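Colleague: With the sequence up front, the predicted model follows.
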Amino acid sequence: MKVPRWRNFILLVSIIILLIACQEIITPPKVTNPLKIAYSPWPGYLPIIIAKEKGFFQKEGVNVELFFSEETRVQVADFSAGKYDGTLQDLGTMIIASGKNPDIRIVFVIDESAGSDAIIVDPSIETIADLKGKSVATDLSGFGELFVMKMLEKGNLTRDDIKLINMAQEKVPESLKRGEIQGGHTWEPYLSHAVKDGAKILFTSAETPGLIPDVMAFRGSIVRDRAADVRAFIRAWFQAVDYWKTHPQEGNAIIAKEINTHNSEISLKGIKLLTLNYNNKYLTPGTTTESLYHTAELYVNFFINAGSLTQPVDLQKLVDSSLVKS
């Protein structure tokens, strides 16, 4: 007895459907390469830990791999060399880096320092004027020199009145303790440790509002080729910021466990952690330090005069606000 052709056709279609279904079951889901992000212990950068540990990156569909280091200079050099896809850094450092590597894109503003950066000095120093002729250290590859100059202006001193020494901020407290310098610029968490060891705070970023913002920067190729992942990263970041603000104790515990420190060591005191809404305002051209473009222009002009930059930086290219505003 012959089988009707229509039955053969139905059997063939059923087999094809079954094969397709099996293929979908056994084929593993596509895994995207992780965004490799470098960060340091500056408190403003630590929402990234919450975003990772609370699953916000996973929820938004982006794979993120974190790299922690206290060696800021090495971290920036590695980022510029392509070892990392993104890094959390101060604005000044990224401007200097972009002078050598123009394919850097700042995509949002993390925070403003409002007291967590400081010039610490030997207890014998009473006023800014007392620093005349003394050795003062800061990292000359970022915003530190400008910060020191603002302090000197307040004390009616100039750069020529001090011995300015190039030194990474995390190394300043120990150098001050050993008596190698009489003053220097450092930041949290090193600032609190230095004060406990007897250092004196002479000048802080609370006296220079808006001057020291921190930013999230990616390599330009990542912004161009993986814009969806960068947007997902941004969404997860601001979820973490909101979570930390509404669950400070839990947030502190998550961070402390990850970087192997005590909860009491984690603090946002002296740091203005910025929201997504604030970024929409901050990433708009303006004439005050409430605009990142204006602040960046101040840095560029200062760095050119100081010799840290040889030519102006295209700020419209360096700062890409489209991903936040979209």
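Modeller: Structure's in. What do you need? Numbers count the residues shown, from 1 in each chain.
Colleague: now the helices: where do they sit in the stretch 201-326 of the chain?
Modeller: In the stretch 201-326 of the chain, the segments counted as helices under DSSP state H, counting those that start in this stretch are 220-225, 227-246, 248-258, 276-282, 292-306, 315-318, 322-325.
Colleague: buried ones in the third one?
Modeller: Residues 251-252, 254-256, 258 are the ones in helix 248-258 that count as buried (16 or more other CB atoms under 10 Å). For the C-beta atoms, the positions are set from N, CA and C on the backbone; glycine is no exception.
Colleague: Could I get those residues in JSON lines, plus columns for distance to residue 119?
Modeller: Formatted as JSON lines, the buried residues of helix 248-258 follow (distance: CB to CB, whole Å):
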{"residue": "251", "distance to residue 119": "29"}
{"residue": "252", "distance to residue 119": "27"}
{"residue": "254", "distance to residue 119": "32"}
{"residue": "255", "distance to residue 119": "27"}
{"residue": "256", "distance to residue 119": "28"}
{"residue": "258", "distance to residue 119": "30"}
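Colleague: okay, those residues in a markdown table with pLDDT next?
Modeller: Rendered in a markdown table, the data for the buried residues of helix 248-258 read as follows (pLDDT from 0 to 100):
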| residue | pLDDT |
| --- | --- |
| 251 | 96 |
| 252 | 96 |
| 254 | 97 |
| 255 | 97 |
| 256 | 95 |
| 258 | 94 |
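Colleague: what about the helices of the stretch 201-326 of the chain, which gets the closest to residue 189?
Modeller: helix 248-258 (11.3 Å; CB to CB).
Colleague: which other residues reach the closest one?
Modeller: Helix 248-258 is contacted by residues 46, 49-50, 53-54, 243-244, 262-263, 265-266 when judged by CB atoms under 8 Å, 6 or more residues apart in numbering.
Colleague: Repeat the analysis, applying 6 Å as the threshold.
Modeller: Outside helix 248-258, the residues that touch it by CB atoms under 6 Å, 6 or more residues apart in numbering are 46, 49-50, 53, 244, 262-263, 266.
Colleague: same question, stretch 295-312
Modeller: For stretch 295-312, using CB under 6 Å, 6+ apart, the contacting residues are 92, 95-96, 99, 146, 289, 313, 315.
Colleague: which two in those are spaced the farthest apart?
Modeller: 99 and 289 (21.4 Å).
Colleague: follow-up on the earlier one: out of the helices of the stretch 201-326 of the chain, nearest to residue 79?
Modeller: Residue 79 lies closest to helix 220-225 among the helices of the stretch 201-326 of the chain, at 11.1 Å (CB to CB).
Colleague: rewinding a little: if you rank the contacts of helix 248-258 by neighbours, which is first?
Modeller: residue 46 (26 neighbours; other CB atoms under 10 Å).
Colleague: so how far is residue 241 from that one?
Modeller: To residue 241, residue 46 is 10 Å away according to CB to CB, to the nearest Å.
Colleague: got it, and residue 308?
Modeller: 31 Å.
Colleague: Next: residue 206.
Modeller: Residue 206 is 21 Å from residue 241, by CB to CB.
Colleague: nearest residue to residue 101 other than its sequence neighbours?
Modeller: residue 80 (4.7 Å; CB to CB, 6 or more residues apart in numbering).
Colleague: For residue 81, grab the count of nearby residues.
Modeller: 9.
Colleague: Can you name the residues that contact it?
Modeller: Contacts of residue 81 were listed using CB under 6 Å, 6+ apart, and none were found.
Colleague: one more time with 10 Å, if that's ok
Modeller: Applying CB atoms under 10 Å, 6 or more residues apart in numbering to residue 81 gives the contacts residue 101.
Colleague: Equivalent analysis for the one 10 residues further on, please.
Modeller: Residues in contact with residue 91, defined by CB under 10 Å, 6+ apart, are 106, 109-110, 112, 142-143, 211-215, 217, 292, 295-296, 298-299, 318-319.
Colleague: now swap in residue 232 and tell me
Modeller: Residue 232 makes contact with 35, 56-64, 226, according to CB under 10 Å, 6+ apart.
Colleague: Quick check: neighbours shared by residue 46 and residue 241?
Modeller: 251, 273.
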